[in-house]
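Peer 1: output the structure for:
(2 chains)
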Amino acid sequence: METTFFEWITHPWPWWLGGIMITVIMGSMLFMNKTFGVSSTFRTVCAATGGARYSNFFQFDWKNQMWNMVFILGALIGGIISETLLASPDEMTLSSATVEDLTQLGVQVDTQYMAPVSLFSWQSLLSFEGFFLIIVGGFLVGFGARYAGGCTSGHAISGLSNLQFPSLVAVIGFFIGGLIMTHLIYPLVLG
Amino acid sequence: MKKYIGFLLVGIVFGITMTKSEAISWYRIQEMFRFQSFHMYGIIMTAVVLGAGLVASIKRFHLQSWFGQPIHIPAKAHTYMRYIIGGTIFGLGWAATGACPGPMYVLVGNGLSVFIVVILSAVFGTFVYGMIRHRLPH
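Peer 2: The predicted model follows:
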């Protein structure tokens, strides 16, 4: 039986296809005269909900950022489509070394979801691990992205593509932080 | 609304891409920070190499946008404290949540609704940065 394109894209994509599509997305934004960068939507939300009263950092015409809010609405819809119309018939194939490491940390590895539900669910918010990863983790992402002037899309993709040395410094920072969290803090929090 | 339809469509493609390439997976981020899989590195490196070629072409051939204007690509300011300190703080959060900002929105669509709390927390983090930024080294 022949595989249709529609069936083919429901399977997990190889890394190169993910990479190509991210460039297509970044390029589409450039050709629409905008820069691909998602973390600035957090600043837009602050400005739109009255943040200007507290800091001049939020005093700007947030309505000019509507295009980015529409983009993230699309991202959310894309997430819904992926799990319904394009639901994958296959399980994720995770590195066995990672499965072993995570099991040793006491994480229940269930790749049916994109994150372990034992750590990322509404119930887990009440546990120390869940509170730390969800609330503290989210805070660090929002604070750090704005401090660094961008996140993975703004620095690692848009910035590095434009050969910006500051973006390389930011990406090195992303990895310093990620390695500290993964190898030093996770064992403490989950231990 | 018409001028936003392009952004909506690109956003949908982004959501599908991030889900199908599993870049929104907490597990994939763990693999990456444990250097146990090429997957995430492959995605980022492919995007950067192709992206660099695209950006260079735009500059070399003075390509215009779909609306007929020259394409402006903003440069990043050349200071370093903010990138290394802010970047490290961001990295701590990236590994903790297993998601950078784009994937957070996609994950909500994926049915992991608790990521709404992650997003609200990130908005609050941005708010606190806005309040204290004049006291931080940049």
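Peer 1: how about the helices in chain B?
Peer 2: B:5-20, B:26-33, B:39-60, B:81-97, B:101-109, B:115-132 (DSSP state H).
Peer 1: could I have the longest one exported to CSV, CA atoms only?
Peer 2: Translated: helix B:39-60. Output for helix B:39-60, consisting of C-alpha atoms alone and laid out as CSV, is shown next (Å, rounded to 0.1, in the frame of the first residue of the first chain):
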residue,chain,number,x,y,z
HIS,B,39,18.4,14.6,17.6
MET,B,40,18.1,18.1,19.1
TYR,B,41,21.6,19.1,17.9
GLY,B,42,20.6,17.9,14.4
ILE,B,43,17.5,20.1,14.4
ILE,B,44,19.3,23.2,15.7
MET,B,45,22.3,22.8,13.5
THR,B,46,20.3,22.2,10.4
ALA,B,47,18.1,25.2,11.1
VAL,B,48,21.2,27.4,11.8
VAL,B,49,23.2,26.3,8.7
LEU,B,50,20.2,26.8,6.4
GLY,B,51,19.2,29.9,8.2
ALA,B,52,22.7,31.4,7.8
GLY,B,53,22.5,30.7,4.1
LEU,B,54,19.1,32.3,3.8
VAL,B,55,20.1,35.4,5.8
ALA,B,56,23.3,35.8,3.7
SER,B,57,21.3,35.5,0.5
ILE,B,58,18.8,38.1,1.7
LYS,B,59,21.7,40.5,2.3
ARG,B,60,23.7,39.6,-0.8
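Peer 1: how about TSV for the helices of chain B, with mean neighbour count added?
Peer 2: C-beta: built from backbone N, CA, C; applies to glycine. Below are the helices of chain B laid out as TSV (neighbours: other Cβ atoms under 10 Å in any protein chain shown):
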stretch	mean neighbour count
helix B:5-20	23
helix B:26-33	25
helix B:39-60	18
helix B:81-97	26
helix B:101-109	29
helix B:115-132	22
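Peer 1: so the lowest-mean-pLDDT helix or strand in chain A, near chain B or not?
Peer 2: Least confident element among the helices and strands of chain A, by mean pLDDT, DSSP states H and E: helix A:5-8 (a mean of 86). No - judged by Cβ under 8 Å from any Cβ of the partner chain, helix A:5-8 stays clear of chain B, getting no closer than 10.5 Å.
Peer 1: what sits against B:Gly109?
Peer 2: Residues in contact with B:Gly109 (Cβ atoms under 8 Å, 6 or more residues apart in numbering or on different chains) are A:75-83, B:15.
Peer 1: one step back: just send the helices of chain B back as JSON lines, with distance to A:Ser88 and mean pLDDT too.
Peer 2: Conversion of the helices of chain B to JSON lines gives the following (distance: least, Cβ to Cβ, whole Å; pLDDT from 0 to 100):
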{"stretch": "helix B:5-20", "distance to A:Ser88": "7", "mean pLDDT": "98"}
{"stretch": "helix B:26-33", "distance to A:Ser88": "14", "mean pLDDT": "98"}
{"stretch": "helix B:39-60", "distance to A:Ser88": "15", "mean pLDDT": "97"}
{"stretch": "helix B:81-97", "distance to A:Ser88": "22", "mean pLDDT": "98"}
{"stretch": "helix B:101-109", "distance to A:Ser88": "14", "mean pLDDT": "98"}
{"stretch": "helix B:115-132", "distance to A:Ser88": "19", "mean pLDDT": "98"}
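Peer 1: hang on, the earlier thing: which of the contacts of B:Gly109 has the largest number of neighbours?
Peer 2: Within the contacts of B:Gly109, neighbour counts (other Cβ atoms under 10 Å in any protein chain shown) peak at A:Ala75, which reaches 33 neighbours.
Peer 1: element containing that one?
Peer 2: helix A:66-83 (DSSP states H and E).
Peer 1: what's the separation between the residue positioned nearest the centre of chain B and chain A?
Peer 2: What sits nearest the mean C-alpha location of chain B, by Cα atoms, centre = their mean, is B:Gly102, with 5.4 Å. Distance of B:Gly102 to chain A, given as Cβ to the nearest Cβ, to the nearest Å: 4 Å.
Peer 1: kindly report the same for B:Phe127.
Peer 2: Going from B:Phe127 to chain A by Cβ to the nearest Cβ gives 5 Å.
Peer 1: just give the nearest non-adjacent residue to that residue, would you?
Peer 2: Excluding its sequence neighbours, the residue lying closest to B:Phe127 (Cβ to Cβ, 6 or more residues apart in numbering or on different chains) is A:Cys46, at 5.0 Å.
Peer 1: residues contacting that neighbour?
Peer 2: So A:Cys46 contacts A:58, B:123, B:126-127, B:130 (Cβ under 8 Å, 6+ apart).
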